[in-house]
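Engineer: structure for this input, please:
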Amino acid sequence: MPNIHHFILIGSSKEKVFDALSSQSGLSAWWTPHTKTSSELGSIARFSFGPEYFKDMKITKLRPFEEVQWQCIAGAQEWIGTTITFQLISGNKEVLRKMHPEIEVQIEQLVYDSGTLLMFHHEGWSSYSPMFAECNYTWGQFLRSLKLLCETGKGKPWPHQHRI
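Structural biologist: Below is the predicted model:
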């Protein structure tokens, strides 16, 4: 099964990143402004992208400042049954360098003394399809939006995620 994985270093505390991943206001500021969630384990979060397209996610893990996980239960057919996980590890540059040397270039470019490593996984895709390829690219854009939100206070949520 193909899976989407991204590692992104965010110059912000894990508390701030977790809030952006788990609250309605945070999710609205980096993914889609049309977010409805109660941010409770077992609840359903709805993410709308226009008047007729949405994704419903069941919140399956919500470990404060460590992990958020959703299972897609409604939306595009290829998304249904997939799992999206956001894991957070924070530390100063040396700690992060020792734990994850593969992000050395991100660490070098971090303008802060410490940060939060977001390990993103969107797993359970049935095939390498055109939608898989588009979603992989677009997740990169949305994760950049999350980074911008946490570092500057302003993300680039839908429908502006692809604009420079």
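Engineer: residue 155 touches residue 143, doesn't it?
Structural biologist: No - assessed by CB atoms under 8 Å, residue 155 is found out of contact with residue 143, at 10.3 Å. Any C-beta I mention is one placed from the backbone N, CA and C, and that applies to glycine too.
Engineer: more neighbours: which of those two?
Structural biologist: residue 155 (24 against 20; other CB atoms under 10 Å).
Engineer: pLDDT score for that one?
Structural biologist: pLDDT recorded at residue 155 is 98.
Engineer: that one: what secondary structure?
Structural biologist: coil (DSSP: H, G, I helix; E, B strand; the rest coil).
Engineer: so who does it touch?
Structural biologist: Going by CB atoms under 8 Å, 6 or more residues apart in numbering, residue 155 touches 29-30, 145-146, 148-149.
Engineer: swap in 6 Å and give it another go.
Structural biologist: Neighbour list for residue 155: 29-30, 145, 148-149 [criterion: CB atoms under 6 Å, 6 or more residues apart in numbering].
Engineer: any chance of the residues you listed in CSV, with secondary structure and pLDDT too?
Structural biologist: Output for the contacts of residue 155, formatted as CSV (DSSP: H, G, I helix; E, B strand; the rest coil; pLDDT from 0 to 100):
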residue, secondary structure, pLDDT
29, helix, 98
30, helix, 98
145, helix, 98
148, helix, 97
149, helix, 98
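Engineer: farthest pair in those?
Structural biologist: Across those, the longest distance by CB to CB is 9.5 Å; it joins 29 and 148.
Engineer: who's more crowded, the two?
Structural biologist: residue 29 (22 against 17).
Engineer: which parts of stretch 29-47 are buried?
Structural biologist: For stretch 29-47, the neighbour count (16 or more other CB atoms under 10 Å) marks 29-33, 35, 37, 39, 45, 47 as buried.
Engineer: now, which of these sits nearest residue 63?
Structural biologist: Residue 63 lies nearest to residue 39 out of these, by CB to CB, at 12.8 Å.
Engineer: distance check, the closest residue to the closest one other than its chain neighbours against residue 99.
Structural biologist: Using CB to CB, 6 or more residues apart in numbering and skipping residues adjacent in sequence, the residue nearest residue 39 is residue 22, 5.1 Å away. According to CB to CB, to the nearest Å, residue 22 and residue 99 sit 23 Å apart.
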